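Quick one, structure for this:
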Amino acid sequence: MIVDRINKYLSSKELKINDYIADNIGTLAKWSFKRQFMENGNSHSKISMSACGKCTRQLAYKYHDIPQNGKELDSRAKIVFWQGDLVETMITELAKLAGVNIMATGLNQLSLTTPVEKTVPLAESETVEVPGHPDGIVLSDETYLFECKSMSSYAFRTFEKGEIDDSYRAQVNIYMDALKLNACVIVAMSKDSGVLGELIVKKDFDIVQKCHDNLETVLNSDRKKLPRGWYEPNDKGLYPWQCLYCSWHGLCKPNAEKVLVGKAYKLKEKVKKEAI
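Residues are numbered from 1 along each chain as shown. From the prediction side, this is the model:
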C-alpha cells in the first residue's frame, strides 16, 4: 500500500522537486532537534493513550509524580528518539512524494482523547479525557490509521512475520477506537539496513477494552496503593527487558541488581543468603 509506492518512486528516473515538502522536512527536523536536545521534556502528559499497553504500576509511578529511581533518559536515549523522529518524517514525506493520500501528520497531527472513568474517591467521580497523538491518517480504499516506526534488525525480522510489541499493538488499537477506524497501516524501517516493511493491523475489541481497563486502573490508584507490577523474574532470577528499561525499577524491584549476562545487561533478583 505505502512501501511499494515509496520503493517505486525511489527507483524511478522521474524524481520531482516539491519545495513544500522540502521546507516541511526542514521545519520538522528543527522542531524535533529543539524538542529532544534543547528542552527539558516536562510538557508531556502524565498519562497518555500511547502508554495504555505498558505496565500499570510503571504508569502509576509517573501519574502520581513519584521520583524516578531506575533507567534514566541518558544521551544515548535522546539520540535514539531524535533518529526516530527523523525516520518518521522521512517515511511520511516520502509517502506523500510517492502519491499516498496521507494527512494529519507532523505538526498537524490530530489531538485525540479517550474518556476514562475516575472513581477514587467516590465522592469526586469524574471522566478524564486521556490524550493521544497518532502519526497520521491514510485515505485509500478505506480510511486507515497511519503509524511508522524505526526498529532494530531483530525487531524488524519479527515485524516482517506479522509480530509487533504488545504495547505498540495496544497503542494503535486505542487510536483506532478513538478515530472509529477498523485498520491501521504500520510502516517500519530497519535501522541497520534501511529496508522498509509494512503491516496491516485490524482493530481488536478485546485489546481496546484491556487498554481502557489499564488506564482506569492507573487513574483510580494512589501513591499508597499502586497497581501490582506486571513482571516477575524467571527461574534464574532474571526480569524481562521491560523492567530494566523502566525509570522506576529501583522502587518496584528493590532487591534486584543490574548484571551482565552474555553481551547484554539484565535486571536480576539478588540471591538471599540463608541464615546460619
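
Only C-alpha atoms from now on, for both contacts and neighbour counts.
Noted.

any low-confidence regions in this structure?
41-44, 121-124, 272-276 (pLDDT under 70).

now the strands for it?
Counting by DSSP state E, the chain has strands at residues 102-103, 112-118, 126-132, 136-139, 143-151, 183-190, 196-202, 256-261, 264-269.

Tell me the helices and strands packed up against the second one.
This points to strand 112-118. strand 126-132, helix 166-179, helix 205-219 (3 or more CA pairs under 8 Å, 6 or more residues apart in numbering; DSSP states H and E).

How about the first one?
If contacts are counted by 3+ CA pairs under 8 Å, 6+ apart, strand 102-103 sits against helix 75-97, strand 136-139.

For the first one, list every residue counted as buried.
So that's helix 75-97. 82-89, 91-97 (16 or more other CA atoms under 10 Å).

Show me the two of these that sit farthest apart.
Farthest apart among those by CA to CA are W82 and L97. That separation is 22.6 Å.

For H64, which non-adjacent residue is closest in space?
Take H64 and drop its neighbours on the chain: the residue closest to it by CA to CA, 6 or more residues apart in numbering is R223, 6.3 Å away.

Report the contact partners of that neighbour.
61, 64, 66 (CA atoms under 8 Å, 6 or more residues apart in numbering).

measure it to L59 for me?
12 Å (CA to CA, to the nearest Å).

So what's the residue count around F156?
23 (other CA atoms under 10 Å).

mind listing what it touches?
Counting by CA under 8 Å, 6+ apart, F156 has contacts 188-190, 197.

quick one, which of the helices and strands packed on strand 102-103 is nearest to A264?
Checking the helices and strands packed on strand 102-103 against A264 by CA to CA gives helix 75-97 as the closest, at 15.9 Å.

count of neighbours near C243?
Neighbour tally, C243, other CA under 10 Å: 26.

Return the residues in contact with it.
Applying CA under 8 Å, 6+ apart, the residues near C243 are 231, 249, 267.

Closest to M176 out of these?
Y231 (27.3 Å).

my read: the closest one touches Y239, true?
Yes. In terms of CA atoms under 8 Å, Y231 counts as a neighbour of Y239; the distance is 7.0 Å.

neighbour-wise, which of the two wins?
Taking other CA under 10 Å, Y231 and Y239 do not tie; Y239 has more neighbours (19 against 12).

Skipping adjacent residues, who's closest to that one in space?
P233 (4.4 Å).

again, but for I102
Closest to I102 by CA to CA, 6+ apart is V138, at 4.5 Å.

Test of understanding: give the bridge partners of I200.
Counting by DSSP bridges, I200 is bridged to V185.

Equivalent analysis for E126, please.
If you apply DSSP bridges, the partners that E126 bridges to are K118.

Next, count neighbours for it.
14.

Surely it and T119 touch.
Yes. Look at E126 against T119 with CA under 8 Å: they come within range, at 6.5 Å.

ok, back up a step: any chance of the strands of the chain in JSON lines, plus distance to A170?
Putting these into JSON lines (distance: least, CA to CA, whole Å) gives the following:
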{"stretch": "strand 102-103", "distance to A170": "22"}
{"stretch": "strand 112-118", "distance to A170": "14"}
{"stretch": "strand 126-132", "distance to A170": "13"}
{"stretch": "strand 136-139", "distance to A170": "17"}
{"stretch": "strand 143-151", "distance to A170": "13"}
{"stretch": "strand 183-190", "distance to A170": "12"}
{"stretch": "strand 196-202", "distance to A170": "11"}
{"stretch": "strand 256-261", "distance to A170": "28"}
{"stretch": "strand 264-269", "distance to A170": "25"}
